[in-house]
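> Need the 3D shape of this:
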Amino acid sequence: MSFKHVIEMYDLMDSAYVTGDDLKRYFEQSGFRDVEVSTVTGQKGKTDFVKVLIKGKNGKSSGGTAPTLGVIGRLGGIGARPEQVGFVSDGDGALACMAAAAKLADMQQRGDTLEGDILLTTHICPDAPTLPHDPVPFMNSPVDMQIMNANEVSSEMDAILSIDTTKGNMILNHTGYAITPTVKEGYILRISNDLLELVKQTSGNMPVTLPITVQDITPYGNNLHHINSIMQPCVVTDSPVVGIALTTQVPVAGCATGATHLVHVEQVVRFVIEVAKLFGTGKCAFYDEEEFARMTSLYGSMKHLLTLDGKVSVS
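Below you'll find the model as predicted:
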C-alpha cells in the first residue's frame with residue numbers, strides 16, 4: 001500500500017511555502033538522491049520543476065536495454081494563493097506523481113528494484129494564477145505549456161503516463177480515476193488491454209475510461225477547446241501517451257480546495273507502480289505496434305495535428 005507516501009507528500013505540499021527543494025530534502029532524508037530541481041520564472045510567477053529517476057536493474061541510465069517509463073504529474077499549480085487558501089484540486093497530479101516516486105524509491109531501498117528506469121516529473125507552485133473556463137474555472141500556470149513540456153517530457157521516456165485532475169467537466173461522471181486511449185504521433189488509438197487489466201487489478205472495479213477528442217491532443221495556444229492539459233505531452237514526443245484522470249461525479253473547479261480524495265490518489269499511485277513493474281519487462285503494451293504501422297501505411301502521418309498551424313516542418 002502507498003497511503004504512507006501519499007499522506008506524507010500531501011502534508012509536505014499543503015503549504016504556502018513549499019518548494020521543489022523541500023521535496024528533494026524529503027527524498028534525501030530517506031537516503032534517495034536521484035532528484036533534480038530547477039526553478040523557472042514566467043510572466044505570471046515562478047515554479048520549481050522536480051525530476052526523480054528510479055533506476056532499474058536493466059535500465060538505460062545504467063547501460064541496460066529495458067524501456068523507460070515516464071510519469072508526469074500534470075497541473076497548473078498545487079495552490080492558488082492568495083485567491084484560495086490551501087491545496088487545490090489541480091494539485092492531485094503532482095501529489096500522485098511524487099507519492100509514486102516516494103513509494104518506488106522506498107521499494108528500491110527494501111530490495112524491490114524494477115527492471116527498467118522510471119522517470120517521474122512534475123512542478124511545484126503554491127501560488128499559481130487561475131483561468132476562466134467552462135463549466136468551472138481552471139488553474140493557470142506561471143509558465144506556458146511549451147516550457148512545461150520542455151521540463152517535464154524527456155526523450156528518455158519510451159512511454160508516458162500523464163496524471164491530471166480532470167474534474168472540471170460534464171463528460172465523465174465518476175468519482176475515482178479513469179484512463180484515456182493511447183495517443184501516439186497524432187493518432188488516438190484504441191485503449192490498451194494491458195492497462196485496462198491493471199485498472200481492474202488496482203481499483204477492484206470495472207475500468208472507467210475518459211473520452212478524448214482531436215482538440216484535446218492539439219497544442220495549447222490554438223484557441224481550440226481542451227478538456228485540460230492531460231494529453232499535452234503528446235505534442236512533443238513520438239512515444240505513446242496515456243492520461244490518468246482523477247475524476248468526480250460532479251464538476252469541481254481545479255482551483256477548489258478541500259477537493260482532494262487521498263483514497264483515489266493512492267489508487268492511482270498503485271496503478272502507476274503496477275504499470276512500472278510490467279512495462280520494464282515488456283509485459284505491458286501501450287499500443288499494438290503492428291496495427292499502428294498498418295494505420296500509418298494506410299493513412300499517413302497525423303503529426304500535423306500536433307502543431308499550432310497544422311504544418312510539419314521538414315528538416
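
> what separates the helix-or-strand element of the chain with minimal mean pLDDT from the chain centre, distance-wise?
In the chain, no helix or strand scores lower on mean pLDDT, DSSP states H and E than strand 138-139, which sits at a mean of 78. How far strand 138-139 lies from its chain's middle: 16 Å, per Cα atoms, centre = their mean, to the nearest Å.

> Quickly note the distance from residue 305 to residue 210.
19 Å (Cβ to Cβ, to the nearest Å). Placement of C-beta: from N, CA and C, glycine included.

> Which one's more surrounded, those two?
residue 210 (24 against 20; other Cβ atoms under 10 Å).

> correct me, but the more buried one touches residue 177?
No: counting by Cβ atoms under 8 Å, residue 210 stays clear of residue 177, with 9.2 Å between them.

> Identify the contacts common to the two.
Counting by Cβ atoms under 8 Å, 6 or more residues apart in numbering, the common neighbours of residue 210 and residue 177 are 245, 247.

> Low-confidence regions, this protein specifically.
Scanning the chain for pLDDT under 70 picks out the ranges 136-137, 313-315.

> so where do the strands sit in the protein?
35-42, 45-54, 69-73, 118-124, 130-131, 138-139, 159-165, 176-179, 183-184, 187-188, 241-247 (DSSP state E).

> Residue 96 is nearest to which of these?
strand 159-165 (4.9 Å; Cβ to Cβ).

> Okay, now the sheet partners of the closest one, with direction.
strand 69-73 (parallel), strand 241-247 (parallel) (DSSP bridges).

> Can you name the residues in contact with it?
Contacts of strand 159-165 (Cβ under 8 Å, 6+ apart): 67, 69-75, 89-93, 96-97, 153, 228-234, 237, 239-246, 254, 268, 272, 275, 279, 286.

> how much distance is there from that strand to the middle of the chain?
Worked out by Cα atoms, centre = their mean, strand 159-165 lies 3 Å from the chain centre.

> same thing with stretch 107-118?
Taking Cα atoms, centre = their mean, one finds the center of stretch 107-118 at 20 Å from the center of the full chain.

> repeat for stretch 82-92
18 Å.

> before we move on, back to that, what helices and strands are in contact with the least confident helix or strand of the chain?
strand 130-131 (3 or more Cβ pairs under 8 Å, 6 or more residues apart in numbering; DSSP states H and E).

> what helices or strands is the strand it packs on leaning on?
Helices and strands touching strand 130-131, by 3+ Cβ pairs under 8 Å, 6+ apart, are strand 138-139.

> so what's residue 166 up against?
Applying Cβ under 8 Å, 6+ apart to residue 166 gives the contacts 172, 178, 210, 227-228, 230, 243, 245-247.

> Likewise for residue 312?
301, 303-304.

> next one: residue 249
With contact set as Cβ under 8 Å, 6+ apart, residue 249 has these partners: 173-175.

> Show the residue spans covered by the helices in the stretch 151-300 of the chain.
Counting by DSSP state H, counting those that start in this stretch, the stretch 151-300 of the chain has helices at residues 193-203, 262-279, 289-299.

> about what we covered before: for the least confident helix or strand of the chain, which strands pair with it and how are they oriented?
Next to strand 138-139 in the sheet, as set by DSSP bridges, lie strand 130-131 (antiparallel).

> what residues does the partner strand touch?
Strand 130-131 is contacted from outside by 76, 80, 83-84, 137-140, 254-255, using Cβ under 8 Å, 6+ apart.

> Give me the buried subset of those residues.
By neighbour count, with 16 or more other Cβ atoms under 10 Å, the contacts of strand 130-131 hold 76, 80, 84, 137-140, 254-255 as buried.

> Check the gap between the closest residue to residue 118 other than its chain neighbours and residue 205 for me.
In this structure, residue 118 finds its nearest non-sequential neighbour in residue 54, 4.3 Å apart by Cβ to Cβ, 6 or more residues apart in numbering. Applying Cβ to Cβ, the value for residue 54 to residue 205 is 28 Å.
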